[in-house]
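[1] Next input, structure requested:
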Amino acid sequence: QVQLVESGGGLVQAGGSLRLSCGASGRTFSTNVMGWFRQAPGKERDFVAAITEIAGRTLYADSVMGRFTVSKDNAKKMVYLEMNSLKPEDTAVYYCARARALGRTVDDYEYWGQGTQVTVSS
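    Below is the predicted model:
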């Protein structure tokens with residue numbers, strides 16, 4: 001089993017920044033993909049970004065490209081999402097998740113954290 005725990009969410013004004021963290025425990029961390037998704041009230045859970053744990057290859061949703069950066073620290077079993085130039089439409093619960101291969105859909109990911117709320121005020 002794998003346990004994922006997100007932290008770092010909060011309330012920020014538009015244009016501000018936040019850094020989300022995701023800690024992993026359980027089975028080996030370094031052979032998979034870690035992703036970030038978000039879900040706003042009444043909407044589906046959407047892909048945000050992902051990173052492969054060995055090569056560090058990254059993938060981003062068009063809506064966050066150039067504003068968000070995903071990174072990892074394999075030794076600490078941590079994944080991060082640096083969010084800059086935040087907009088009110090970035091408001092959502094943010095989830096980290098683990099997959100065996102790089103993907104953009106919810107079905108690609110098998111383990112999920114509990115989520116952390118990000119609220120961007122205008």
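[2] can you tell me which residues contact the residue nearest to the spatial centre of the chain?
    Closest to where the C-alpha atoms of the chain average out (Cα atoms, centre = their mean) is Trp36, at 2.4 Å. Neighbouring residues of Trp36 by Cβ atoms under 8 Å, 6 or more residues apart in numbering: Leu20, Cys22, Val48, Ala49, Ala50, Val70, Val79, Leu81, Tyr94, Tyr95, Cys96, Ala97. In this view, the C-beta of every residue, glycine as well, is placed from N, C-alpha and C.
[3] Please repeat the previous calculation with a cut-off of 10 Å.
    6, 20, 22, 46-51, 60-61, 64, 68, 70, 79-81, 83, 94-97, 113 (Cβ atoms under 10 Å, 6 or more residues apart in numbering).
[4] Inside helices: which ones of the residues you listed?
    Among those, DSSP state H puts none in helices.
[5] Can you tell me which of these are buried?
    Burial by neighbour count, 16 or more other Cβ atoms under 10 Å: within the contacts of Trp36 this picks out 6, 20, 22, 46-51, 60-61, 64, 68, 70, 79-81, 83, 94-97, 113.
[6] quick one on the thing from earlier: now intersect the contacts of Trp36 with the strands, please.
    6, 20, 22, 46-51, 60, 68, 70, 79-81, 83, 94-97 (DSSP state E).
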